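In: model this:
(one chain, ligands or ions: 1)
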Amino acid sequence: MKDMSDTKTMILTVAERFDDRGDIMQLTLKGDGPLPLFTAGAHIDLLVETPEGPLWRQYSLAGNPADRDCYRLGILKDPESRGGSTALHRLVKTGEKVHVEGPRNHFPLATDATNTVLFGGGIGVTPMLAMAWELHDRDAPFTLHYATRSAERTAFLDQIEGLPFRANIVLHHDDGQGAEPLDLARDLPKAEAGTHVYVCGPQGFMDWVIGEAEKAGYPGKQIHREYFSADVDATGDSFEVYCEQSDLTVTVGPDETIAKVLAREGLKIEVKCEEGICGTCVTDVLEGEIDHRDQFLTEEEREDGDQICCCCSRAKGRLVLDI
Ligand code: FES
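Out: Purely as a prediction, here's the structure:
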């Protein structure tokens, strides 16, 4: 079971806002004292006020996990997103208070790796920077490939140049100016037991790296991924859901989700991302065939068939939930 701990809300202060290259805003958040510990790959949930109402959005922690003085985030202004990142870019100022939950980690580093290869595409570099810190502290071998369109669109560049593990970072620019584009035939090492690959970035970048890693013979448990957003199709045929503890039966229509139908009946399942990436809405399943639509559960968890993301996944036939 993934780490779903700590849902307490903290109020932190924006100690610094810095508008970096590539439409990425760096935020440094501080509290009144040491912040809760996090491990590399963790994210926090940030409450964003949008014209449509408050939204919780997930942002990876980019700083050194050993530094409990602050949380560092990189937030891409993405006009294609559902409004969270553009609202943050518009509204957040140094000195303001923000509501934060977490940290939680659904993208942890393997503890048994003998070699680690990190691929960050654009804003996907944020969890990779924390991973690089942790691997450096462990004195573990690793390479971070950071791919962007050009040097002018490469956030964190100034910090990267001063990092104690700068030699482990390979920059790649699609325009070939100052750095070679990422070439997986060259940059993805041979699949060996103990070599783990991590990827985070836009969907096309992730599909490419994951596809090439699979073709190169990496088993699923050595390919680790973190999605920032997902183009999820949550529609499908109607199905019935029985909630055993509440003794409630509902029908989920073609355009509805389990979470929304149950909320209408007064049974609230907490949701945050509503697109199958954060894991907040994961619920135990007692019976039934799940039609997984999320990006959150691993292949192994899907095969177990005893958990469902109620914000987007569906069922074939009747589903019995342990709520
Ligand atoms: S609310 Fe994020 S996975 Fe369902």
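In: Residues contacting the helix or strand harbouring residue 171, please?
Out: Residue 171 is part of strand 169-173 when elements are defined by DSSP states H and E. Contacts of strand 169-173 from elsewhere in the structure, counted by C-beta atoms under 8 Å, 6 or more residues apart in numbering, are 132, 143-151, 154, 160, 163, 178-182, 187. Heads up, the C-betas are built off the backbone N, CA and C, glycines and all.
In: low pLDDT regions in the stretch 1-150 of the chain?
Out: 1-7, 82 (pLDDT under 70).
In: Residue 85: which element?
Out: Counting by DSSP H and E, the element that carries residue 85 is helix 84-91.
In: which secondary structure elements does that helix contact?
Out: Contacts defined by 3 or more C-beta pairs under 8 Å, 6 or more residues apart in numbering; DSSP states H and E place helix 84-91 against strand 43-50, strand 53-60, strand 71-76.
In: Next up, the contacts around whichever residue of the stretch 1-150 of the chain sits closest to the ligand.
Out: Among the residues of the stretch 1-150 of the chain, residue 58 lies closest to the ligand, at 8.0 Å counting by C-beta to the nearest ligand atom. Listed by C-beta under 8 Å, 6+ apart, the contact set of residue 58 reads 43-46, 228, 272-273, 277-278.
In: what do you get for residue 306?
Out: Contact partners of residue 306, counting by C-beta under 8 Å, 6+ apart, are 284-286.
In: mind checking how far it is from residue 282?
Out: Taken as C-beta to C-beta, to the nearest Å, the spacing of residue 306 relative to residue 282 amounts to 10 Å.
In: returning to what we had before: among the contacts of residue 58, which one has the most neighbours?
Out: The most crowded member of those, judged by other C-beta atoms under 10 Å, is residue 273 (28 neighbours).
In: Can you classify it by secondary structure?
Out: Residue 273 falls in the coil class when you classify it by DSSP: H, G, I helix; E, B strand; the rest coil.
In: circling back: narrow the contacts of strand 169-173 to just the buried residues.
Out: Among the contacts of strand 169-173, those that count as buried by neighbour count (16 or more other C-beta atoms under 10 Å) are 132, 143-148, 154, 160, 163, 179, 182, 187.
In: In helices, which of those residues appear?
Out: Under the assignment DSSP state H, the buried ones among the contacts of strand 169-173 contribute 132, 160, 187 to helices.
In: hang on, isn't the first one packed against residue 165?
Out: Yes. Counting by C-beta atoms under 8 Å, residue 132 does reach residue 165; the two are 5.7 Å apart.
In: ok, the residue of the stretch 1-150 of the chain closest to the ligand to residue 187 distance?
Out: From residue 58 across to residue 187, the span is 28 Å (C-beta to C-beta).
In: before we move on, what about residue 278?
Out: Distance of residue 278 to residue 187, computed by C-beta to C-beta: 30 Å.
In: Kindly report the same for residue 136.
Out: Distance from residue 136 to residue 187, counting by C-beta to C-beta: 20 Å.
In: For this protein, identify the residue most remote from the centre.
Out: Here the chain reaches farthest from its C-alpha mean at residue 247, the gap being 34.2 Å by C-alpha atoms, centre = their mean.
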